[in-house]
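> sequence and predicted structure, then a few things I'm wondering about:
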Amino acid sequence: EDKVVQSPLSLVVHEGDTVTLNCSYEVTNFRSLLWYKQEKKAPTFLFMLTSSGIEKKSGRLSSILDKKELFSILNITATQTGDSAIYLCAVSSGSARQLTFGSGTQLTVLP
Amino acid sequence: DAGITQSPRHKVTETGTPVTLRCHQTENHRYMYWYRQDPGHGLRLIHYSYGVKDTDKGEVSDGYSVSRSKTEDFLLTLESATSSQTSVYFCAIRRDGDYGYTFGSGTRLTVV
């Protein structure tokens, strides 16, 4: 059975802090790993990673994948209150590339 | 998100009644998925489709059926709703390239 585990489950920081969110996985027929941000509604796409060691970056957010150790991290630098959300990690696998999600990390950024 | 809509947005229904949720896309993507989201469980796959009339089960398919008679529409039916099916339901499409998957706005279903 495919499995995705995120840590920590929740995190409270102050504006300006840097955070690192973790995602480890065990899946058969790995295709890609994705990060999503979810506020009160639908998850919104952040990154898709398919190759080890190549960092993807978007503003203050960055992510990297290690396919040997089967994990990924999502970094957020200089956090802002608008970064408060649930961050979801998902792995795409199989011929239909269905997603298996972790339980998410609830990030709260205090002013 | 542009290109994928779900209906209804909210529904309250009684135990034992059938319920159908609709997912509509305007971009002709082949793969469509239904997920449910519950506290403590993240999103879990119910069913998916890889083309017209081509569907398969996901992790939590018991009590659900799907149909895809046109590329743009993917329907999820709860044959006889139970309180354990109270959840938020998301539809998703898979985009080509590095654009990942796009989710609809969700349907909040309450079974009383």
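Good, I have the coordinates. Numbers count the residues shown, from 1 in each chain, chains lettered A, B, ... in the order given.
> which parts of chain A sit against chain B?
For chain A, the contact set with chain B under Cβ under 8 Å from any Cβ of the partner chain comprises A:34, A:41-45, A:47-48, A:88, A:90, A:92, A:96-104. Where you see a C-beta, it was placed from the backbone N, CA and C, and this is true even at glycine.
> mind listing the strands for chain B?
Here chain B has its strands, by DSSP state E, at B:4-7, B:10-13, B:19-25, B:32-38, B:42-51, B:54-57, B:64-70, B:73-78, B:87-94, B:101-103, B:107-111.
> just the buried residues of the longest one, please?
Spelled out, it's strand B:42-51. B:42, B:43, B:44, B:45, B:46, B:47, B:48, B:49, B:50 (16 or more other Cβ atoms under 10 Å in any protein chain shown).
> among those residues, which one has the lowest pLDDT?
Ranked by pLDDT, the buried residues of strand B:42-51 bottom out at residue B:42, which has 84.
> just give the nearest non-adjacent residue to that residue, would you?
residue A:101 (4.1 Å; Cβ to Cβ, 6 or more residues apart in numbering or on different chains).
> circling back to that earlier point, which of the buried residues of strand B:42-51 sits closest to residue B:14?
The nearest member of the buried residues of strand B:42-51 to residue B:14, counting by Cβ to Cβ, is residue B:46 at 21.0 Å.
> contact partners for the closest one?
Residue B:46 sits next to B:34, B:35, B:36, B:58, B:59, B:60, B:61, B:64, B:66, B:76, B:89 when contact means Cβ atoms under 8 Å, 6 or more residues apart in numbering or on different chains.
> what's the local residue count around the second one?
Looking back up the chat, that one is residue B:35. When neighbours are defined as other Cβ atoms under 10 Å in any protein chain shown, residue B:35 has 29 of them.
> state the distance from it to chain A.
Residue B:35 sits 8 Å away from chain A, going by Cβ to the nearest Cβ, to the nearest Å.
> go on, the first one?
Residue B:34 sits at a distance of 11 Å from chain A (criterion: Cβ to the nearest Cβ).
> pretty sure residue A:12 contacts residue A:81?
No. Using Cβ atoms under 8 Å, residue A:12 is not in contact with residue A:81; the gap is 11.9 Å.
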